[in-house]
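Asker: what follows is a predicted structure for the sequence shown.
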Amino acid sequence: MGVALDEARAALATGDVPIGAVVLDPSGTPVARGRNVREADHDPTGHAEVVALRAAAAARGGWRLDGHTLVVTVEPCTMCAGAAVLSRVERVVFGAWDPKAGALGSLWDVVRDRRLNHRPEVRAGVREAEAAALLGDFFAQQR
Ligand SMILES: [Zn+2]
């Protein structure tokens, strides 16, 4: 989560919402990282999780990330929860809850939908206060 928080802070340089992610291989070694690049890349799908999952799959030479863990500073949205399912990651770990758009328990619970053929386990609230403070400071400055 420390790596993901560093990525989140780096997103501030391009005016992006500070959200960061990292993908760990089955041994717990980071294989890819990502940050929100919607503003930087003019990309509506440029969320930290998607960036990190794409980089991890490229680094591994395959789209299946069995046994891997996606770590992200904020609860993923529906798109990113879907990407986590499609990548077959074993686990998603996140920091702060997102009551306005979260899809891992807040507004939706995509990854535990029994109609899907893969359901990653979820661990929430890791270094939650730090992740929430980054977002809170960012949005306070936007006003
Ligand atoms: Zn997302």
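Answerer: Arrived safely, thanks for sending.
Asker: need the residues that contact the lengthiest helix in the chain.
Answerer: For the chain, the helix that runs over the most residues, judged by DSSP state H, is helix 128-142. When contacts are taken as C-beta atoms under 8 Å, 6 or more residues apart in numbering, the neighbours of helix 128-142 outside the stretch itself are 1, 5, 8-9, 12, 17-19, 73-74, 94-97. For glycine as for every other residue, the C-beta is placed from the backbone atoms N, C-alpha and C.
Asker: contact partners of stretch 99-119?
Answerer: For stretch 99-119, the external contacting residues (C-beta under 8 Å, 6+ apart) are 74-78, 80-82, 84-85, 88, 92, 94, 97-98, 120, 122, 124.
Asker: out of those, which are close to the ion?
Answerer: C77, C80 (C-beta under 5 Å from the ion).
Asker: give me the buried subset of the contacts of stretch 99-119.
Answerer: Of all the contacts of stretch 99-119 considered here, the ones buried according to neighbour count by 16 or more other C-beta atoms under 10 Å are 74-77, 80-82, 84-85, 92, 94, 97-98, 120, 122, 124.
Asker: roughly how far is stretch 126-137 from the heart of the chain?
Answerer: For stretch 126-137, the distance between its averaged C-alpha position and the chain's averaged C-alpha position is 14 Å (C-alpha atoms, centre = their mean, to the nearest Å).
Asker: list the buried residues of it.
Answerer: For stretch 126-137, the neighbour count (16+ other C-beta under 10 Å) marks V126, R127, E128, A131, A132, L134, L135 as buried.
Asker: from L53, how far off is the fifth one?
Answerer: Right, A132. When distance is defined by C-beta to C-beta, to the nearest Å, A132 is 23 Å away from L53.
Asker: swap in the fourth one?
Answerer: A131 is 19 Å from L53, where distance means C-beta to C-beta.
Asker: can you pull out the low-pLDDT segments for this structure?
Answerer: Within the chain, not a single segment meets pLDDT under 70.
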